[in-house]
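Enquirer: I would like the atomic coordinates for the input below:
(chains A and B)
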Amino acid sequence: MGIDKRFGAVHANRDVNLSVARGSIHGLIGENGAGKSTLMNIVYGFHRADRGEIRVNGRAVQIGRPRDSIDAGIGMVHQHFMLVENFSVLENVVLGAEGGRLLGKGLAAARAGLEALARDYGLDVPLDAETGHLPVGLQQRVEILKALHHRAEILILDEPTAVLTPPEADQLFRMLSLLRDQGKTVVLVTHKLREIMAVTDRVTVMRQGAVVHETATRDTSPKALAEQMVGRSVSLRVEKGPASPGPVLLEVRNLCVSDRLGVPRVKSASFALRAGEIVGIAGVSGNGQTELLEALTGIRRPTSGEVLLSGRALTPKGLGPRGLRSLGVAHVPEDRLKMGVVSSFSAEDNVILGYHDRGAFARGGFFRRGAIRADCVAKMSAFDVRPTDPSLRITSFSGGNQQKLVLAREMDCGPSVLIVGQPTRGVDIGAIEFIHRRIVELRDQGKAVLVVSVELDEIMGLSDRILVMAGGEVVGELPGAEATEETLGLMMAGVRREGSR
Amino acid sequence: MDTYREVILIMAATIRVATPLVIAALAGMFSERAGVIDLALEGKMLAAAFASAAVAAVTGSAWMGLGAGVAAAVFLGLVVAFACVTHRGNQVVAAMAVNIMVAGLAPTLALAWFEQGGQTPQLDLPGQRFLGLPWPWAQAARAHPLPGLAYAELVSGHSPIVYLAAIVVPASAWVLYRTRFGLRLRAVGENPLAVDTAGISVNALRYQACLISGVLCGVAGTYISTVASAGFVRDMTAGKGYLALAALIFGKWRPYPTLAACLLFAFADAGAARLQGVALPGVGVVPVQFIIALPYILTVLLLAGFVGESVAPRAVGVPYSKEK
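Expert: Next up is the predicted model:
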């Protein structure tokens, strides 16, 4: 209803109108930064709108804080769960609706109520388990139960499938359909077209803070929605010819890696990466991919096993990220802002990070500023980074442009092996297309590319071969052409493929 | 019989030394469970010690002194809360500012008001201090040492504040684990976002926690100047606030283990006082310096490895703001 919100100079919502019918599942789709989350946070009272009003059941309600929204019957399942990890499930569910000053009676009543909900909706959760120890799928259920316990009639889910395996996601969707059939209203916020098509009744598309399109889901197609999201026609498929694999460049034998706390995360992984092919590693986030990446790029030392580069053993001594770079192993980290760039640096300084001591950029311990700037401008035009201003702070660029800069840095120095974590996380569709094309070009030049991604579409589109990780193990391998969402989903859930290893 | 007597006396001293530690540690527990680091325990106690001794000296009433001590500590607690909760300041800096300010201000005010070299007048009139409450038949019981002496020294004859400390521990545990307030308090120190999105005010909870901490610090400080001594002396809390904080960490932010840690520290302290000048078999006379350092050595050793991992409330020390 005409919601308008500015964060400083950013106009996150421009006169947004959204109406959701009772007893329906309404999809809200848009690219990162389109203003979906901002809008929902306003509806939930977490942020305040600068202008506009919110009506529930036709009545205008003042929502200035979450309490107002809860009282109006709105419940939200946030993208990052709002749970207290060392509380029991029961304690988390009752928080904010304890049913009296003393806990005893309220907890007992809540327990009975939750058991009833579990029966009605199949929302089974161990009530006395410590929440932080539950798998994320169950934690999400706790969030849904919490909303229902707070008597929510309207349930908002913000990117609920980001942390789920495809079977878990399907289960969630069945649950949501059930809730709708019981008369609840569901708003599903997502950037995944597949989900919108799968469960929603109506869909609203947002772009750059404004609603650009609204329609019944059955009257639209993924392609039409994608075009509305981006504002122009896009290709959802990665165009690539067949791979012509050459000699093995990178080989991993029985690699084991533990995390900071000594918990084994990668368990005896073995695979090979050939020149001229793209190997994708699929898996639900947190199944050892991060640690594997860190071990391969020299950030973390493996506990055992071997890594061979062009037949030369790199372990056990390890070389460190710098040594590996000099041997032609380039790395685009999973988390751009944490490991890929220094957010307070300018674009040009970020573009030389890790290569700053090369002769082209530095001489006698001093930077050659002119050369650095010229190089950055060259990379920016080669990778279509906008705006073309090397002195601008990296954080002033959009996610897509930041990622293009990191990619430019790692690709331009002539690596023989490129290791990419989440190539398009937080990147808009237009830039995704571009980044995928560059990765395929690199392959066609005879380089080896290892891609780790939680986006199945990306893995299936890019990879010539797909490895699936679950619980720290490589549970299977598939040729890219044979992979389907179902086979990958099963393997991600830990079901081994007969004879795949 | 002498050993028995010695043990009973050390235990009695332990109780007396432990009282302000226990109260202060629980004050810190409320505050830190809500996510506010309570380094200002020291300053709040010192301020309470000064205010209570000064008011007790002027009015002649221990109860007026207690009121003033609590008021002073609560005021400082709210100052810290205003800086750290409302304005999201750095909690360590704010707390240290309070500690340093009180350490200077209290003797200065004492000098200005009483002109006794930065001290308050001796509290020697009846009614100015919370003296011991002898229980029935305590004197008579001494005649039969075996249960009698223990009764007379350990159960009977303490200041009301000691009994209060004994009640505060189970009361705190009850509040923390059995009430709605306790649940919310524990939640806000772990994940304030969860509390906010559940429709509960994070800041209000943290203010309440700082308020409770202030009240308890006030009582602990009053004990130090009007029960354990008879007047305020410069720096008389002597690091007890920090020691209480160490006990809280040992006790993993739980009431009963924290009580146990306080008793352990107090026992080391009381034992040390008794050990001074005593020749131990095979060791000889233990140097006084070593004995005085004993509680602190114990702290370092215990913290270094004997208690296992002590996990702080996750959000402790982090000012809450909605923007990430």
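Enquirer: residues touching the nearest residue to B:Cys84 once chain neighbours are set aside, list them.
Expert: Once flanking residues are discounted, B:Cys84 sits nearest to B:Gln91: 4.7 Å by Cβ to Cβ, 6 or more residues apart in numbering or on different chains. The C-beta positions use only the backbone N, C-alpha and C, and glycine is treated the same way. With Cβ atoms under 8 Å, 6 or more residues apart in numbering or on different chains as the criterion, the residues that contact B:Gln91 are B:Val36, B:Ile37, B:Leu39, B:Val80, B:Cys84, B:Gly317, B:Pro319.
Enquirer: Nearest residue to the closest residue to chain B within chain A in space, please, no chain neighbours.
Expert: The nearest approach of chain A to chain B comes at A:Gly96, 3.0 Å away (Cβ to the nearest Cβ). In space, not counting the residues next to it along the chain, A:Gly96 is nearest to B:Ala198; the distance is 3.0 Å by Cβ to Cβ, 6+ apart.
Enquirer: Tell me who's in contact with that neighbour.
Expert: Residues in contact with B:Ala198 (Cβ under 8 Å, 6+ apart) are A:Pro66, A:Ile70, A:Met82, A:Leu95, A:Gly96, A:Ala97, A:Lys146, A:His150, B:Ala187.
Enquirer: A:Val238: neighbouring residues, count only.
Expert: 18 (other Cβ atoms under 10 Å in any protein chain shown).
Enquirer: was I right about it contacting A:Ile459?
Expert: No. With contacts counted by Cβ atoms under 8 Å, A:Val238 stays clear of A:Ile459, the gap being 10.6 Å.
Enquirer: For residue 44, give me the pLDDT.
Expert: Since you didn't name a chain, this refers to chain A. A:Tyr44 is assigned 87 on the pLDDT scale.
Enquirer: switch to chain B, that's the one I care about
Expert: Listed pLDDT for B:Lys44 reads 96.
Enquirer: cool, A:Thr315 as well?
Expert: The per-residue pLDDT reported for A:Thr315 equals 64.
Enquirer: do the same with B:Thr197
Expert: Per-residue confidence at B:Thr197 stands at 90 (pLDDT).
Enquirer: ok but A:Arg14 is inside a strand, no?
Expert: Yes. In this structure, A:Arg14 lies within a strand as judged by DSSP: H, G, I helix; E, B strand; the rest coil.
Enquirer: who's in contact with A:Ala169?
Expert: For A:Ala169, counting by Cβ under 8 Å, 6+ apart, the contacting residues are A:Pro160, A:Thr161, A:Glu195.
Enquirer: helix or strand right after the host helix or strand of it?
Expert: Assigned by DSSP states H and E, A:Ala169 belongs to helix A:166-181. Next helix or strand after helix A:166-181 toward the C-terminus (DSSP H and E): strand A:185-190.
Enquirer: the inter-axis angle of that next one versus helix A:166-181?
Expert: 150 degrees (axes from the mean of the first three to the mean of the last three Cα atoms, to 10 degrees).
Enquirer: can strand A:185-190 be found next to chain B?
Expert: No. Shown here: strand A:185-190 not in contact with chain B (Cβ under 8 Å from any Cβ of the partner chain), separated by at least 15.3 Å.
Enquirer: For that strand, name the packing helices and strands.
Expert: The elements that strand A:185-190 packs onto, with contact taken as 3 or more Cβ pairs under 8 Å, 6 or more residues apart in numbering or on different chains; DSSP states H and E, are strand A:25-30, helix A:36-43, strand A:154-158, helix A:166-181, helix A:193-199.
Enquirer: For B:Gln119, which of the ones you listed is the nearest?
Expert: Set against B:Gln119 and scored by Cβ to Cβ, the helices and strands packed on strand A:185-190 come closest in helix A:36-43, at 56.9 Å.
Enquirer: contacts for the following helix or strand past that closest one?
Expert: The C-terminal neighbour of helix A:36-43 among helices and strands, as given by DSSP H and E, is strand A:54-56. Judged by Cβ under 8 Å, 6+ apart, the contacts made with strand A:54-56 from elsewhere in the structure are A:Met1, A:Ile3, A:Ile42, A:Val43, A:Ala60, A:Val61, A:Ile63, A:Ala72, A:Gly73, A:Ile74, A:Ile154.
Enquirer: looking at the helices and strands packed on strand A:185-190, which is buried most?
Expert: strand A:25-30 (a mean of 26; mean count of other Cβ atoms under 10 Å in any protein chain shown).
Enquirer: Poorly predicted segments of the chain, please.
Expert: This is for chain A. In the predicted model, chain A carries pLDDT under 70 at residues A:1-12, A:33, A:234-236, A:315-318, A:496-501.
Enquirer: nope, chain B please
Expert: Applying pLDDT under 70 to chain B flags residues B:1, B:277, B:305-309, B:323-324.
Enquirer: what sits against the residue nearest to A:Leu337 when sequence neighbours are not counted?
Expert: Here the nearest residue to A:Leu337 in space, its sequence neighbours aside, is A:Ser343; by Cβ to Cβ, 6+ apart that works out to 5.7 Å. For A:Ser343, the contacting residues are A:Leu337, A:Arg393, A:Ile394, A:Thr395, taking Cβ under 8 Å, 6+ apart as the criterion.
Enquirer: Surely the second one and A:Glu348 touch.
Expert: In this case it means A:Arg393. No. With contact defined as Cβ under 8 Å, A:Arg393 and A:Glu348 do not form a contacting pair (10.7 Å).
Enquirer: neighbour count winner among those two?
Expert: Neighbour tally, A:Arg393 and A:Glu348, criterion other Cβ under 10 Å: the higher count belongs to A:Glu348, 24 against 15.
Enquirer: Check which helix or strand that one maps to.
Expert: Going by DSSP H and E, A:Glu348 is in helix A:347-352.
Enquirer: And the contacts of that helix?
Expert: For helix A:347-352, contacts defined as Cβ under 8 Å, 6+ apart pick out A:341-342, A:361, A:372-373, A:375-376, A:379-380, A:385, A:389-394, A:397, A:405-406, A:408-409.
Enquirer: before we move on, back to that, helix/strand/coil for the residue nearest to A:Leu337?
Expert: When classified by three-state DSSP, A:Ser343 comes out as coil.
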